[in-house]
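starting from these lines, generate the structure:
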Amino acid sequence: MKRADPNRPPAGEPFTVMSMTRRGRSVTIAIAVPGEPDLAVILTPRDGKPAFVETRHLSIRYAGDALKPRHEEALKLVAGGLRDATFDAIVSKLPEMPEAGPETPTAGGPPDADRSHEVVTVDEWGSPDRWRTFIFRREFARNASSAIRLTGPRVITVSHGESECRYATPQIDGRTVSLYNYPWVRPLEAAGRPEGRRGGVGDEIPCYFSTDLRDVDIITGGTAKLRAVLDRLAASTVDTDVVVVKSTCVPHVIGDDMEGAVARWRGKGRIRYDDVFAPAENDLTAELFAAAIDKGRGRRRSRGPLMNLAGIAVSPALAEIEALLGAAGISVNCALIPEIDLVAAERWRDAPCQVLLPNPYYAPLYKKVLLPLPLDTLTPAAPYGVAAAEAWFGRVGSASARASAVKTVLRNRRAELGPSIDSLRRSAAAARLGFVIDDTSYLTLCDPSASAGIPVLDVAVELGFGIDFLVYAPSGAAPAVPPLRPAHAAAAAVHHFSDPESLEKSMRSAPCTAVYSDLYGDERITSAGKTPFSLQFFEPGLEGAVRTAERLVGACANTFFGRYGRHARRT
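Now for the predicted structure:
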């Protein structure tokens, strides 16, 4: 295999740094590599002993057995990024972990045994920083497959495993309570799904079945149970059905023949086996989506102002965006992703243009299915906030040769919404939003590609909110502030904390009345008398900007937690 040059910039699939911890003269970096198990990278001062690679000042090793190719590429990229770094420069920003036993206090205030329950996350059980972590994009990525839903024909999912798996990784669909405020779940939208969506059956709820393996099945094997479920299901299927058999951990461990059970299918429609442990490139959803689009090959393509939209969920905001475009003479041919109507997808090639909303959780599907198509492709910044929405409509209008018509429609709609926007901005000017940050999390909030396409801070500032940054500074270190963008700095006040006690004190004393968190019902915020808010508050489009402002103003005006939040504190 050709080895990557550590001095070259990253290429191919990125990796994510989950945590960095120090023990003595060693730093361990936990990194997540898409499609592969997580990897522990160990840094020490250069010591001349066997290592995966050495830089000018560091020896870089890893924990575990033989590396996968993507692991090796990630290690090379880490080495390239640290080629001139000294060990002391790295550890100067990290708290030292205790060498033994939880009794030893840790500089910087990681939780002790009595605080270990305060924040528990799926992928960061042992992170020493969990007490001050409010942004959990690693967990969002872990469940990103829940953001995309196949619809159209009757999609039937058969999960082969024990029912407890549903609790470990639940179906994230807005109908169940989740630990995280996933941005693709829209619990705050008052209206339901719009009626009369093109395609006719695009709003059907997919059927779900589980083989519900029990102890005896795990001992004797569960293949027979999967076959029995499929046999019973076969009798009720029709030609347009798509049956997807999903594996879970237990059948893999006990060696069930899931492929064989699928191969003996006697029902109608299509049946496919979706191995959740298969490499990322083996994406069944992408395969079915691409096949549906390809089925429409040869259809007569429209020459008028017709386009496809990708990345806006079926919602009031989508209906409003389509209506505004329609008023300007631009018709939306298909609006797919995160819902993928496999019948409607056959019309995707009818339009000469596709507009893709930037979103990291949809990007792999864009790359595999939509970008290779011979269509004009636009990827303007997502239309969150008034200015960004107007810019987005302007780009779409120009691409459709309807720039003048879009400008006129926008001017009229802006005039209609103007009084509401002005009133909300006056309310926002008297309110403040809080964000708990360090260097890394501030950059995450600034980067729409790391926040489901949503420029959280830019929208908050544009709407007129004041900002309170609660900035982490390790004990004994001089308080520092990440380099703030000018627009953010002009609206911001900075408060520092170094441990859980000072975080709670800063949160209570800061004038903000709503604080950002990716955790559902974050008790650190509510017990401090503040209201949590998240990406779920934000909607695209002009009307979406109004509803976004209404939610944020409402969160700041909420007095419930100020009165009763102290009772939410765990004892």
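
how's the protein carved up into domains?
Listed domain ranges for the chain are 1-94, 144-291, 302-415, 422-568 (source: automatic domain parsing).

mean pLDDT and mean neighbour count added to those domains, as JSON lines?
All C-beta spots, glycine's among them, are computed from the backbone N, C-alpha and C. As requested, these are exported to JSON lines (pLDDT from 0 to 100; neighbours: other C-beta atoms under 10 Å):
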{"stretch": "domain 1-94", "mean pLDDT": "74", "mean neighbour count": "16"}
{"stretch": "domain 144-291", "mean pLDDT": "79", "mean neighbour count": "17"}
{"stretch": "domain 302-415", "mean pLDDT": "94", "mean neighbour count": "19"}
{"stretch": "domain 422-568", "mean pLDDT": "93", "mean neighbour count": "19"}
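
out of the ones you listed, nearest to Arg132?
Nearest to Arg132 among these is domain 422-568; the distance by C-beta to C-beta comes to 5.5 Å.

return the distance of that closest one from the chain's centre.
In terms of C-alpha atoms, centre = their mean, to the nearest Å, the centre of domain 422-568 is found 19 Å from the chain centre.

for stretch 269-284, same thing?
Counting by C-alpha atoms, centre = their mean, stretch 269-284 comes out at 21 Å from the chain centroid.

what of stretch 231-250?
Worked out by C-alpha atoms, centre = their mean, stretch 231-250 lies 29 Å from the chain centre.

can you pull the contacts of Asp47?
Ser59 (C-beta atoms under 8 Å, 6 or more residues apart in numbering).

can you tell me how far it sits from Arg61?
10 Å (C-beta to C-beta, to the nearest Å).

for His252, which non-adjacent residue is closest in space?
The shortest distance from His252 to any non-neighbouring residue, by C-beta to C-beta, 6 or more residues apart in numbering, is to Phe277 (6.3 Å).

gap between the one you found and Ala141?
Taken as C-beta to C-beta, the span from Phe277 to Ala141 is 17 Å.

with Ser236 instead?
Distance from Ser236 to Ala141, by C-beta to C-beta: 36 Å.

now Thr28
21 Å.

tell me which element Phe435 is part of?
strand 432-437 (DSSP states H and E).

within the sheet, what are the partner strands of that strand, with directions?
strand 466-472 (parallel), strand 514-516 (parallel) (DSSP bridges).

let me know the next secondary structure element after that strand.
helix 439-446.

His71 contacts Phe52, correct?
No: His71 is beyond contact range of Phe52, at 10.0 Å (criterion: C-beta atoms under 8 Å).

any shared contact partners between those two?
Common neighbours of His71 and Phe52 (C-beta under 8 Å, 6+ apart) are Tyr62.

the inter-axis angle of the strand holding Phe435 versus helix 439-446?
130 degrees (axes from the mean of the first three to the mean of the last three C-alpha atoms, to 10 degrees).

CA atoms only for strand 432-437, dumped as PDB, please.
Extracted in PDB, the C-alpha atoms of strand 432-437 (Å, rounded to 0.1, in the frame of the first residue of the first chain):
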ATOM      1  CA  ARG A 432     -29.000  37.300  25.900                       C
ATOM      2  CA  LEU A 433     -28.000  33.800  24.900                       C
ATOM      3  CA  GLY A 434     -25.300  31.800  26.600                       C
ATOM      4  CA  PHE A 435     -22.700  29.400  25.100                       C
ATOM      5  CA  VAL A 436     -20.200  27.300  27.100                       C
ATOM      6  CA  ILE A 437     -17.000  27.200  25.000                       C
END
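
looking at it, Ala74 is touching Ile29, isn't it?
No: in this structure, Ala74 is not within contact of Ile29 by C-beta under 8 Å, at 10.1 Å.

could you pull out the helices for the stretch 251-400 of the chain?
Here the stretch 251-400 of the chain has its helices, by DSSP state H, counting those that start in this stretch, at 258-263, 284-295, 316-327, 363-365, 386-399.

name the helices or strands packed onto the longest one?
Applying 3 or more C-beta pairs under 8 Å, 6 or more residues apart in numbering; DSSP states H and E, one finds that helix 386-399 makes contact with helix 316-327, strand 353-356, strand 376-378, helix 403-429, helix 456-462, helix 542-557.

of all these, which lies closest to Arg270?
strand 353-356 (25.6 Å).

CSV for the domains of the chain, including distance to Trp131?
Listed next are the domains of the chain as CSV, based on distance: least, C-beta to C-beta, whole Å:
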stretch, distance to Trp131
domain 1-94, 13
domain 144-291, 16
domain 302-415, 26
domain 422-568, 5
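
tell me which of those lies nearest to Arg130.
domain 1-94 (9.0 Å).

how far does the closest one sit from its chain's centre?
Distance, centroid of domain 1-94 to centroid of chain: 25 Å (C-alpha atoms, centre = their mean).

hmm, back to that, so which of the domains of the chain is nearest Phe136?
Of all these, domain 422-568 comes closest under C-beta to C-beta, at 4.3 Å.

quote the end-to-end distance of that closest one.
Start and end residues of domain 422-568 are separated by 36 Å (C-alpha to C-alpha, to the nearest Å).

residue numbering should commence at 7 henceforth.
In the new numbering, first residue 7, that becomes domain 428-574.

of the strands paired with strand 438-443, give the one that comes closest to Lys511.
strand 472-478 (10.3 Å).

tell me which residues are up against that closest one.
Against strand 472-478 from outside (C-beta under 8 Å, 6+ apart): 138, 435, 437-444, 448, 463, 466-467, 485-488, 490, 494, 497-504, 509, 512-513, 516-518.

now with 7 Å, please.
Residues outside strand 472-478 that contact it (C-beta atoms under 7 Å, 6 or more residues apart in numbering): 138, 437-444, 466-467, 487, 494, 497-503, 509, 512-513, 516-518.

and Pro257, what does it touch?
Applying C-beta under 7 Å, 6+ apart, the residues contacting Pro257 are His166, Gly167, Gly228, Met264.

show me those that map onto helices.
Met264 (DSSP state H).

make CSV out of the contacts of Pro257 and add distance to Asp94.
Formatted as CSV, the contacts of Pro257 follow (distance: C-beta to C-beta, whole Å):
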residue, distance to Asp94
His166, 52
Gly167, 48
Gly228, 54
Met264, 52
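
now do the phi/psi pair for Leu64.
phi -130, psi 150 (degrees, to the nearest 10).

distance check, it against Pro134.
In terms of C-beta to C-beta, Leu64 sits 22 Å off from Pro134.

show me where the stretch 207-356 of the chain has its strands.
For the stretch 207-356 of the chain, the strands defined by DSSP state E, counting those that start in this stretch cover 213-216, 248-253, 276-280, 312-316, 337-342, 345-347.

what residues does the shortest one touch?
With C-beta under 7 Å, 6+ apart as the contact definition, strand 345-347 has outside contacts at Ile154, Arg155, Leu156, Thr157, Gly158, Gly205, Gly208, Phe295, Ala319, Val320.

which strand residues bridge the nearest residue to Asn564 once chain neighbours are set aside?
Excluding the flanking residues, the one nearest Asn564 by C-beta to C-beta, 6+ apart is Thr537, at 4.6 Å. Counting by DSSP bridges, Thr537 is bridged to Ala520.

quick check, Thr537 in contact with Cys518.
No: the pair Thr537 / Cys518 is not scored as a contact, 9.6 Å apart, by C-beta atoms under 7 Å.

tabulate the helices and strands packed on helix 392-405 in JSON lines, adding columns for distance to Arg353.
Output for those, formatted as JSON lines (distance: least, C-beta to C-beta, whole Å):
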{"stretch": "helix 322-333", "distance to Arg353": "15"}
{"stretch": "strand 359-362", "distance to Arg353": "12"}
{"stretch": "strand 382-384", "distance to Arg353": "17"}
{"stretch": "helix 409-435", "distance to Arg353": "23"}
{"stretch": "helix 462-468", "distance to Arg353": "33"}
{"stretch": "helix 548-563", "distance to Arg353": "26"}
